[in-house]
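[1] Return a 3D structure for these sequence lines:
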Amino acid sequence: MVGLLTGNQQAIFAKRDQIMLVLRLNKSGMPQAWITPEEAAKYYCQGRVLFELGENKKVLRGGWNSLGEQSTLSLSSIIGCDGKVVNPMGRIPLCNRYLFRRDNNVCLYCGQRFKVSQLTRDHVIPKSRGGKNLWSNTVTACGRCNHHKADRTPEEANMALLAVPFAPNIYEHFYLRNRRILADQMEFLSGHFSAKRQWLENDIHLQQT
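    Have a look, this model is predicted:
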């Protein structure tokens, strides 16, 4: 397949491959971390990889032996590893990067998609009115809509929300944290997304190998 790609296309795929992250699960199948291929290789070498998921593979190449053979290690894009089973959920940090990504860079008042630099965080119930800085009380808004809404509730401003704000679950959190998710990783994560929100496929940077 590589021979069918132009030089520019090969460069693009090579660049994406360099920044590929492996999704590490615990032995119960719960996401634990995004790790680099080098970090994943340590789990393989230590015999701590219990199972593999997904279709994408990355091959790491090592040294050469006396017979002129180069050592290789094939890494899966999703690996389940031995170790203590913990729930990494904790408190998902509310930051603009994750908030805007949760809402697909769409203003939840006017429905238009904007560049990140044109977006703001709006508190559905204004902080001056007792509203909290929580996932369930914050939405993405363009500067114009945020300014127009001002210190009012959506009802008072006659600006209906296009979607209900929600706190991401652990699988959605891992989606938000990685801007370049492989197709098989997305398939695994999306199988556990809540019914409150479905992210659009064309907003995901899917990598193909």
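
[2] Retrieve the pLDDT associated with Gln9.
    Gln9 is assigned a pLDDT of 34 by the prediction.

[3] Over to Val86?
    For Val86, pLDDT reads 68.

[4] now Val2
    30.

[5] now Arg152
    With respect to pLDDT, Arg152 has a value of 97.

[6] Also the one 10 residues further on?
    Per-residue pLDDT puts Leu162 at 93.

[7] same question, Arg144
    With respect to pLDDT, Arg144 has a value of 97.

[8] which phi and psi does it have?
    Backbone geometry at Arg144, expressed as degrees, to the nearest 10, gives phi -60, psi -50.

[9] Identify the residues contacting it.
    Counting by CB atoms under 8 Å, 6 or more residues apart in numbering, Arg144 makes contact with Cys110. Heads up, the C-betas are built off the backbone N, CA and C, glycines and all.

[10] Kindly recompute the last result at 10 Å.
    Residues in contact with Arg144 (CB atoms under 10 Å, 6 or more residues apart in numbering) are 107, 109-110, 112, 114, 118, 120.

[11] How about His192?
    Counting by CB under 10 Å, 6+ apart, His192 has contacts 29-31, 169-172, 174-175.

[12] What of Tyr109?
    Residues counted as contacts of Tyr109 (CB under 10 Å, 6+ apart) are 122, 139-142, 144-146, 148-149, 154, 157, 159-162.

[13] again, only using 6 Å
    Neighbouring residues of Tyr109 by CB atoms under 6 Å, 6 or more residues apart in numbering: 141, 145, 159.
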